[in-house]
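Trainee: need a structure here:
(2 chains)
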Amino acid sequence: MTNIDRRSLMAGVAGLTATTALGGRAFAQSAPTFTPEDGASLRLLRWVPFVTGEEEAWNANTKAFTEATGVEVRIDQESWEDVRPKAAVAANVGSGPDIVMSWFDDPFQYPDKLVDVTDLANAIGEANGGWYDGLRDYAVKDGRFIALPLAAIGNAICYRDSHVKAAGFSEFPSDSAGFLELCKAMNANGTPAGFPHGKAVGDGNNYAHWLLWSQGGKMINEDGTVGIDTAEAREAIEYAKALYQTFIPGTESWLDINNNRAFLAGQVSLTANGVSLYYAAAKDPAMAEIAEDIRTTNLPIGPVGKSVELHQTTSLSIFNHTKYPEAAKAYLQFMYGTDRMNAWIEGASAYCCQALKGFADNPVWTSNPVHAAYAKASESLRPNGYAGPLGYASAGVMADYVLVDMFAEAVIGQSSTDDAIANAARRANRYYR
Amino acid sequence: MGKATTSARNGTFLGRLTGSKNGLGLIFMLPAATFLLCFLTYPLGLGVWLGFTDTRIGRAGEFIGLENYIWLLDDPVFRLSVFNTILYTSVASVLKFGLGLWLALLLNEKLPMKSLFRAIILLPWVVPTVLSALAFWWIFDSQFSIISWILMKWGWIDTPINFLGDPTNARAAVIAANVWRGIPFVAISLLAGLQTIPASLNEAAALDGATSWQRFRRITLPLLTPIIAVVMTFSVLFTFTDFQLIYVLTRGGPVNATHLMATLSFQRAIPGGQLGEGAAIAVAMIPFLLAAILFSFFGLQRRKWQQGGAD
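Mentor: Residues are numbered from 1 along each chain as shown, chains lettered A, B, ... in the order given. Take a look at the predicted model:
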């Protein structure tokens, strides 16, 4: 890619998209043009929005698309856990929604049932400073885009500033060793930390993957064989055990909501979560004191030397059973238009982190200091099942809580470190055979 | 009915069919049979078939014989879930039976406001499982448990009880929740059974000087056995296939200590996408359920009329 000044490029794209809205068909030379088929209409299957602002922005953009092109778009919502089975069935039955907004490695469960969107993805990428690597990996198979990365749902440490200061830390430690010391000091002060070791789909997986990856471990090797049995994974478990000693009791039973509840009730002073935790406090006048005290930061950097996290990823793909592939591509192109994407990211109030580097200066990230940590989600994001290929195996290992269980059984002392690793390797091998 | 119509009817196949008693019976049974075939036999057959394949959600599988079962036999998580399911079912069923029978006997006595009590007893059974499970989720919460809170107020304990985090506690907690939910069904059904026992038998025995324990042991219990057999069979089946309670309370945690076969089957089949393996786990429940039914049929229903013969 040539080194173009991003601002001038964005301005150009904005102007061009404006022309399209007026009925013109011109896009930048590099951008392909998609003309919706006559009488086209589309159905989008998406997850139920977490934030109303996000839903409103998405729907407003969609309405603008309908007004500009005459293509009706019906948006069906499913709870986020139901999108995976519904989309898989639609892909294989060959009917149902035309476009799906899915999670993680979903597109890799049925890659040959999806429309190749490489031309569109490259054009959008070039116009917006390029895709983030981690998100790109969730969309590219064998060099072809089978999906457009949409956003990372960021995860970050949320802590009580006054309690961290009271523990003797004027600054939040950025490395994992310092983080352990902080947790020890906070526990000694009676303001402990807490991370879920229970079957918490989102928070539990985020924490477990950070534990493993930050210490340099990985579940899968590049060639798709199971690579959990390493010295680094042992380090990770030992580190997790030490951290667990400093937690509030009972974290092994925590599901996704428990850390929010405990934090908002003042029982724990440090945990990791999406920005929703902050908003739960900020919106409740009774919790003004806590909301005032909340700070966020990224999970500490371990021996691996850089910030690596799982987060949640969502992407958009077009089923090849759609009768209107051109309309579908035109719709996606429209939604990734600079102004519209910016409006959507802003509407999501730091819940959704941009998939394209060009949107990193969205005002939402500077509008509130609490948001800043979530702005880096796409940068630190590493795909599930790293460093192996994505597919049904990577999805299955996560859904079966293999990594979450590995840490949980070791920290509560049910298994030795070696046994916990052996169990995890055995279960992962089942999927990666 | 005129003679002409009858002969005209007899002429066609349909006429002969509707004319004969057996034929008519067959026609009347057809809707029910179709219903059973479509909604019971077909899904069951499909489930058994899926268990022999490597089907994933959205991808047709191939027949792989017993591979799923061979893998499961060697899978510690599955074996743990079988152990958990048996433990859960047996402990919960025994408790439900004991407490349910006790409650039924109490309610069978002459109490003031008897019908009000009977209505209240039914409440746990009437409340949707997910709702009561959510209530128990708070009761057993690791930070906000009301039980821990009260005990701490009284100064009996210093830190909250780790209800759902410790494997033993977690098992006890989910069993307690299940028992709470299951007692009304047992109690009310047994109460119905108790009321069919003629009072004259008890009165006669009392006149003969039988103690209340002897009356219970020699009159009430034998006459109640058929009801007990039916009620406990159902109770065991419900408990064995329990899903909602576990899914809300622990999702099978901590470290699979409360994973039942039903919850593991769901976890592997739907979020995990491995329909074949999930179906195999579900099918593996069938032998246990059949054993429970057969035990009740041959073990508890010892009278011939209960097995379809003459008494």
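Trainee: going forward, measure contacts between C-alpha atoms and count neighbours the same way
Mentor: Noted.
Trainee: CA-only coordinates of the helix or strand containing B:Leu26 in CSV, if you can.
Mentor: B:Leu26 is located in helix B:21-36, with elements delineated by DSSP states H and E. Output of helix B:21-36 as CSV, limited to C-alpha atoms (Å, rounded to 0.1, in the frame of the first residue of the first chain):
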residue,chain,number,x,y,z
LYS,B,21,-65.4,-52.6,14.9
ASN,B,22,-61.6,-53.2,14.5
GLY,B,23,-61.4,-51.1,11.4
LEU,B,24,-63.1,-48.2,13.0
GLY,B,25,-60.8,-48.6,16.0
LEU,B,26,-57.8,-48.5,13.6
ILE,B,27,-59.0,-45.3,12.1
PHE,B,28,-59.6,-43.7,15.5
MET,B,29,-56.1,-44.6,16.6
LEU,B,30,-54.4,-43.3,13.4
PRO,B,31,-54.1,-39.6,14.5
ALA,B,32,-52.5,-40.6,17.8
ALA,B,33,-50.2,-43.1,16.1
THR,B,34,-49.1,-40.5,13.5
PHE,B,35,-48.5,-38.0,16.3
LEU,B,36,-46.4,-40.5,18.2
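Trainee: other SSEs contacting it?
Mentor: helix B:13-19 (3 or more CA pairs under 8 Å, 6 or more residues apart in numbering or on different chains; DSSP states H and E).
Trainee: all helices of the stretch 51-200 of chain A, in order?
Mentor: A:52-69, A:83-93, A:118-127, A:133-137, A:161-166, A:176-188 (DSSP state H, counting those that start in this stretch).
Trainee: deepest-packed of the ones you listed, please.
Mentor: Highest mean neighbour count among these (mean count of other CA atoms under 10 Å in any protein chain shown): helix A:133-137, with a mean of 22.
Trainee: which other residues reach that one?
Mentor: Applying CA atoms under 8 Å, 6 or more residues apart in numbering or on different chains, the external contacts of helix A:133-137 come out as A:149, A:151-152, A:313, A:355, A:378-383.
Trainee: run a quick neighbour tally on the closest residue to B:Leu134 other than its chain neighbours.
Mentor: Nearest residue to B:Leu134, sequence neighbours excluded (CA to CA, 6 or more residues apart in numbering or on different chains): B:Val248, at 6.7 Å. B:Val248 has 18 neighbours, counted by other CA atoms under 10 Å in any protein chain shown.
Trainee: least confident secondary structure element in chain A?
Mentor: helix A:6-21 (a mean of 43; mean pLDDT, DSSP states H and E).
Trainee: now the next helix-or-strand element following that helix: how far from the chain's centre is it?
Mentor: Downstream of helix A:6-21, the next assigned helix or strand under DSSP H and E is strand A:41-47. Centroid separation for strand A:41-47 versus its chain: 20 Å, with CA atoms, centre = their mean, to the nearest Å.
Trainee: so in that sheet, which strands flank strand A:41-47, and in what orientation?
Mentor: strand A:72-78 (parallel), strand A:99-103 (parallel) (DSSP bridges).
Trainee: about what we covered before: which of the contacts of helix A:133-137 fall within strands?
Mentor: A:149, A:151-152, A:313 (DSSP state E).
Trainee: now do the same for B:Ser189: helix, strand or coil?
Mentor: helix (DSSP: H, G, I helix; E, B strand; the rest coil).
Trainee: how about the one 3 residues further on?
Mentor: When the structure is split into helix, strand and coil by three-state DSSP, B:Ala192 lands in helix.
Trainee: how far away is it from B:Trp180?
Mentor: Counting by CA to CA, to the nearest Å, the gap from B:Ala192 to B:Trp180 is 20 Å.
Trainee: the two: who's more crowded?
Mentor: B:Trp180 (17 against 14).
Trainee: the more buried one belongs to a strand?
Mentor: No - read with three-state DSSP, B:Trp180 is helix and lies in no strand.
Trainee: helices of the stretch 251-400 of chain A, start to end?
Mentor: Using DSSP H, counting those that start in this stretch, the helices of the stretch 251-400 of chain A run over residues A:258-264, A:276-282, A:288-293, A:325-335, A:338-347, A:364-367, A:377-380, A:392-399.
Trainee: deepest-packed of these, please.
Mentor: Ranked by mean neighbours (mean count of other CA under 10 Å), these are led by helix A:377-380, with a mean of 26.
Trainee: for that one, the averaged confidence score.
Mentor: The average of the pLDDT scores along helix A:377-380 is 95.
Trainee: just stretch A:280-296 next, same as before
Mentor: 93.
Trainee: follow-up on the earlier one: please, which helix or strand holds the residue nearest to B:Leu134?
Mentor: Applying DSSP H and E, one finds B:Val248 within helix B:244-249.
Trainee: ok, B:Pro184 next?
Mentor: Under the assignment here (DSSP H and E), B:Pro184 is part of helix B:167-195.
Trainee: tell me the contacts of the residue nearest to B:Leu134?
Mentor: Contacts of B:Val248 (CA under 8 Å, 6+ apart): B:130, B:133-134, B:137.
Trainee: if any of those are buried, give me the ChimeraX selection for them.
Mentor: Selection of buried members from those for ChimeraX, criterion 16 or more other CA atoms under 10 Å in any protein chain shown:
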select /B:130,133,137
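Trainee: quick one: mean pLDDT over the helix holding B:Leu26.
Mentor: Throughout helix B:21-36, pLDDT has a mean value of 88.
Trainee: mind checking which of the helices of the stretch 51-200 of chain A is nearest B:Gly252?
Mentor: helix A:83-93 (21.0 Å; CA to CA).
Trainee: what angle separates that closest one from strand A:41-47?
Mentor: 140 degrees (axes from the mean of the first three to the mean of the last three CA atoms, to 10 degrees).
Trainee: test my guess that A:Ala422 contacts A:Asp229.
Mentor: Yes - if you go by CA atoms under 8 Å, A:Ala422 and A:Asp229 touch, sitting 7.3 Å apart.
Trainee: quick test: name the residue nearest the centre of chain A.
Mentor: The centroid of chain A falls nearest to A:Gln312 when counting by CA atoms, centre = their mean (2.5 Å).
Trainee: just the pLDDT for that one.
Mentor: pLDDT recorded at A:Gln312 is 94.
Trainee: show me which residues of the stretch 1-150 of chain B sit near chain A.
Mentor: Listed as neighbours of chain A in the stretch 1-150 of chain B under the rule CA under 8 Å from any CA of the partner chain: B:57-59, B:142-143.
Trainee: burial measure for A:Pro369, as a count.
Mentor: Neighbours of A:Pro369 (other CA under 10 Å): 12.
Trainee: ok, now which ones touch it?
Mentor: Per CA under 8 Å, 6+ apart, neighbours of A:Pro369: A:Arg295.
Trainee: low-scoring stretches of the chain, by residue?
Mentor: Went with chain A since none was named. A:1-30 (pLDDT under 70).
Trainee: chain B was what I was after
Mentor: Chain B contains residues with pLDDT under 70 at B:1-11, B:58, B:300-311.
Trainee: residues in contact with the most centrally placed residue in it?
Mentor: Nearest to the geometric centre of chain B sits B:Phe238, at 1.6 Å (CA atoms, centre = their mean). For B:Phe238, no residue meets the contact criterion (CA under 8 Å, 6+ apart).
Trainee: try it again with 10 Å
Mentor: By CA atoms under 10 Å, 6 or more residues apart in numbering or on different chains, the contact set of B:Phe238 is B:89, B:93, B:182, B:232, B:289.
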